[in-house]
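Engineer: Attaching a predicted model along with its sequence, questions to come.
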Amino acid sequence: MTMTGHEAHTLHDETTKMAIHPPPAATPGHKGEDDQGNEHSLELVEVLRVIFVVLAAAAVWFHLWEPFHRVSVIGLVATLIGGYPIFKEAFENIVERCMTMELSMTIALVSALAIGEFFTALVITAFVLAAEILEGLTVGRGRRAIQDMLDFLPQRASVLRGDKIIEVSTQTIVPGEIVVIRPGSRIPVDGEVITGHSFVEQAAITGEPMPSEKVPGGGVYAGTINQTGVLHVRTDRLGKDTAFGKIIEAVERAEQSRAPIQKTADRLAGYLVYFALGAALLTFVLTHNIRSTISVIIVAGACGIAAGTPLAVLGAIGRAARQGSIIKGGIYLEALGRLHTVFLDKTGTITFGVPSVAQVRPEPGISEEMLLSMAASAEHGSEHPLGRAIVRYAEDKGIPISQPTDFRYEVGRGIEAEVEGERIAVGNRAHLLSLGIELPAQLPEFHGMTVLVAVGDRYFGSISIEDQIRESAKAAVKALEAMKIRVILLTGDSKAAATAVADQMGIFHFHAELLPEQKAVEVAIHTKRGRTVAMLGDGINDAPALSEATVGVAMGRGTDVARESADVVLIGNDLEKFVETVRIARRCRIIIFQNFYGTLIVDAIGIGMAATGLLNPLLAAFIHVASELTFILNSTRLLAPRERVSKGSRIQGLGVDMGTQQRHRGV
């Protein structure tokens, strides 16, 4: 029996309520003293109940007081008092017309009392109550999985009020107030830096591995760590309105949703109860042995499925969130567990989305520095992405750049500028030919964009520009292929550019020169064939395809439209986080089916042994409790270990990395 069916069904809602509505005496993310006291007193009552039942069983065993020959007063009273939670739940099940293990266990206990098996009834009750305490600790850990994420937000902060800096509760801060952030402190609000200079570790929000420099005018996020200098930050958003709060809110909404496999688990649990009662009735008809009949009812259990399934889903969503992947519902977690095809957008997903210089090819007699200096000087006032890439590359190399005195831009062709009396042209072949510049008969080929540079009437060389591929994307594609997941590249780029990127990535299937609606069509074709499809993108043009996929996945640095259209959001742009999320989803699916088949096997063998008289009620109760605790604990393998934070800590993803000062707490 162990965990009640009602508890199994409300596991997610209780978790969400804890995170969204903390007790009045508690600050967000922490239990208040009253709440902790209530929890401890409740646990104490449950422990005392078990002790009471065990002492009563000892009294019945030694016949300490039995005024009546056929009825043990101690046994009867202790079973009714000790088993009150079981009987109460059974009554609620009857009212709700819901068949659960509590109802079948109540039938078994009443039957045991009816035939004078008072000691057996007490021992079964003690087994079940003790198992519920252990399960409560285990499930409580699951309920705290998302709540722990809120602990990253500080509960007190230093605020500049008048001429004084005072420490206040973060709940009392209002928008517009100036918060003073000292080195090593976690930032409590989203806001704008007014004064100060520092570096902030903000991987939890942006996914950036390196600390971000903050100067006046820069934005900061709640939950991030100020590393060096003192910052004065004007408060813009607090609590659930912060970027971190919205991440928590997304996970909380996911906790409210139920995966289809959970509904299957509930139905199977109900079927097992009916099967156990039917087997018990058949046993009594064939054997007329009431002890064997009671043993059949007792040994069958379904809570390993009913409680273990939501706990596994809860643990998987929480673990994924800690690693930087926000899954918006159990249905998407389940879909990721049986993923067949992944579509990848190119720009911003597997590439950085920022053009950068890849190759510089000066003509004989022209140095690379001279070619870059001329091109960057001509492009100095340009807003074109390719021109800005050339300027940025020259600046990084410390090459001197002059200011153009005249600048003309022709759409789709290039620019012409005058720098220190020299006419410089930068653009495509047609642009330079139109200016009467003689070009080599054979220009080098490049899969990206290539601009040609001429000074006066002389051709100086070419600069090739490409959108660089992320190293993590290559590893992610390789990992997905190893998991037997088909990877397909979708891009609006030319076929030549798509071919080059696909070759570098190790992708065998791609579609090039696609408009946004054509990307959506490609995704829809696969979903209509019954395949489980994920689409990864980061821009507005990816939103239609994200909506068509079984699971739409948006990169955390993408547009708001992409994130709203997606079912999963990756913090930052690391595709390896997606791979890890798929692994977590697959592991969750495996654990759930382990619980399914394990419960069926144990119940089938147990019922068979009990029906043939090989199990007495005591042994049947032990097998019931032990097997279901095993399946519940199997589900907890997905729960991330709890961590106690210390000073000087850093947030990594949505988890905590305390260096050498971590302490993990088990069940």
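Structural biologist: On my side now, so go ahead.

Engineer: Contact partners for residue 108?
Structural biologist: By C-beta atoms under 8 Å, 6 or more residues apart in numbering, the residues touching residue 108 are 124, 294, 297, 298, 617. To be clear about C-beta, it is placed using only N, CA and C from the backbone, and glycine gets the same treatment.

Engineer: again, only using 10 Å
Structural biologist: Residue 108 sits next to 1, 117, 120-121, 124, 276-277, 280, 293-300, 617, 620-621, 624 when contact means C-beta atoms under 10 Å, 6 or more residues apart in numbering.

Engineer: Taking those residues, please make a ChimeraX selection of just the buried ones.
Structural biologist: Only the buried entries of the contacts of residue 108 go into this ChimeraX selection, using 16 or more other C-beta atoms under 10 Å:
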select :1,117,120,121,124,276,277,280,293,294,295,296,297,298,299,300,617,620,621,624
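
Engineer: from the contacts of residue 108, which ones fall inside helices?
Structural biologist: Assigned to helices by DSSP state H, the following of the contacts of residue 108 qualify: 120-121, 124, 276-277, 280, 293-299, 617, 620-621, 624.

Engineer: Could you report the neighbour count for residue 481?
Structural biologist: By the criterion of other C-beta atoms under 10 Å, residue 481 has 15 neighbours.

Engineer: in the stretch 201-350 of the chain, which spans are strands?
Structural biologist: 212-214, 219-220, 225-226, 231-237, 325-327, 341-345 (DSSP state E, counting those that start in this stretch).

Engineer: could you dump those to a markdown table with distance to residue 584 and mean neighbour count?
Structural biologist: Output for these, formatted as a markdown table (distance: least, C-beta to C-beta, whole Å; neighbours: other C-beta atoms under 10 Å):
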| stretch | distance to residue 584 | mean neighbour count |
| --- | --- | --- |
| strand 212-214 | 28 | 19 |
| strand 219-220 | 30 | 19 |
| strand 225-226 | 26 | 23 |
| strand 231-237 | 30 | 20 |
| strand 325-327 | 8 | 27 |
| strand 341-345 | 16 | 26 |
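
Engineer: Switch these over to JSON lines; also include distance to residue 260 and mean pLDDT.
Structural biologist: What follows is these, written out as JSON lines (distance: least, C-beta to C-beta, whole Å; pLDDT from 0 to 100):
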{"stretch": "strand 212-214", "distance to residue 260": "41", "mean pLDDT": "84"}
{"stretch": "strand 219-220", "distance to residue 260": "40", "mean pLDDT": "90"}
{"stretch": "strand 225-226", "distance to residue 260": "40", "mean pLDDT": "88"}
{"stretch": "strand 231-237", "distance to residue 260": "36", "mean pLDDT": "93"}
{"stretch": "strand 325-327", "distance to residue 260": "15", "mean pLDDT": "86"}
{"stretch": "strand 341-345", "distance to residue 260": "20", "mean pLDDT": "92"}
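
Engineer: So which of those is nearest residue 449?
Structural biologist: strand 341-345 (18.5 Å; C-beta to C-beta).

Engineer: hmm, back to that, and the strands of the stretch 201-350 of the chain as CSV, adding distance to residue 438?
Structural biologist: CSV is the format used below for the strands of the stretch 201-350 of the chain (distance: least, C-beta to C-beta, whole Å):
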stretch, distance to residue 438
strand 212-214, 47
strand 219-220, 51
strand 225-226, 59
strand 231-237, 58
strand 325-327, 55
strand 341-345, 41
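
Engineer: Let me know which of those strands is the nearest to residue 190.
Structural biologist: strand 231-237 (4.1 Å).

Engineer: Name every strand pairing with the closest one and say which way it goes.
Structural biologist: If you go by DSSP bridges, strand 231-237 pairs up with strand 178-181 (antiparallel), strand 190-196 (antiparallel).

Engineer: ok, residues contacting the shortest one?
Structural biologist: So the one you mean is strand 178-181. 154, 157-161, 165-168, 170, 173, 185, 187-189, 191, 193-196, 198, 200, 214, 220, 224-226, 229-235, 238.

Engineer: now residue 627, what's its secondary structure?
Structural biologist: Residue 627 falls in the helix class when you classify it by DSSP: H, G, I helix; E, B strand; the rest coil.

Engineer: Wait, it touches residue 604, no?
Structural biologist: No: counting by C-beta atoms under 10 Å, residue 627 does not reach residue 604; the two are 11.7 Å apart.

Engineer: how about whichever helix or strand residue 585 is part of: buried residues?
Structural biologist: Following DSSP states H and E, the helix or strand that holds residue 585 is helix 575-611. The neighbour-count check on helix 575-611 (16+ other C-beta under 10 Å) flags 575-582, 584-589, 591-592, 594-596, 598-599, 602-603, 606-607, 609-611 as buried.

Engineer: One more: stretch 375-388?
Structural biologist: 375, 376, 377, 378, 379, 380, 382, 384, 386, 387, 388.

Engineer: Look up the closest residue to the fifth one, ignoring the ones flanking it.
Structural biologist: Distance criterion C-beta to C-beta, 6 or more residues apart in numbering; nearest residue to residue 379, sequence neighbours excluded, is residue 387 at 3.5 Å.

Engineer: how about the one you found, what does it touch?
Structural biologist: Counting by C-beta under 10 Å, 6+ apart, residue 387 has contacts 355, 375-376, 378-381, 409, 414-415, 426-427, 451, 465.

Engineer: Filter those down to the ones in helices?
Structural biologist: Per DSSP H, the contacts of residue 387 map to helices at 375, 376, 378.

Engineer: if we can go back for a sec, between the strands of the stretch 201-350 of the chain, which one is nearest to residue 368?
Structural biologist: Comparing these by C-beta to C-beta, strand 212-214 comes nearest, at 30.2 Å.

Engineer: Packing partners of that closest one?
Structural biologist: strand 190-196, strand 198-201, helix 203-206, strand 219-220 (3 or more C-beta pairs under 10 Å, 6 or more residues apart in numbering; DSSP states H and E).

Engineer: okay, those in JSON lines with distance to residue 83 next?
Structural biologist: Output for these, formatted as JSON lines (distance: least, C-beta to C-beta, whole Å):
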{"stretch": "strand 190-196", "distance to residue 83": "52"}
{"stretch": "strand 198-201", "distance to residue 83": "53"}
{"stretch": "helix 203-206", "distance to residue 83": "47"}
{"stretch": "strand 219-220", "distance to residue 83": "56"}
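
Engineer: Check those for me and report the most buried one.
Structural biologist: Most buried of these by mean neighbour count (mean count of other C-beta atoms under 10 Å) is helix 203-206; its value is a mean of 22.

Engineer: which parts of stretch 77-93 are buried?
Structural biologist: 78, 79, 82, 83, 85, 86, 87, 89, 90, 92, 93.

Engineer: Tell me which helix or strand the residue nearest to residue 379 sits in.
Structural biologist: helix 385-396.

Engineer: again with residue 423
Structural biologist: strand 422-427.

Engineer: Check which element follows that strand along the chain.
Structural biologist: Of the helices and strands lying after strand 422-427 in sequence (DSSP H and E), the nearest is helix 429-434.

Engineer: for that next one, packing partners?
Structural biologist: Against helix 429-434 (3+ C-beta pairs under 10 Å, 6+ apart) you get strand 406-410, strand 414-419, strand 422-427, strand 449-455.

Engineer: The closest residue to residue 612 other than its chain neighbours - how many residues pack around it?
Structural biologist: Excluding the flanking residues, the one nearest residue 612 by C-beta to C-beta, 6+ apart is residue 292, at 7.6 Å. Counted with other C-beta under 10 Å, residues neighbouring residue 292 total 23.

Engineer: Nice, that's everything, thank you.
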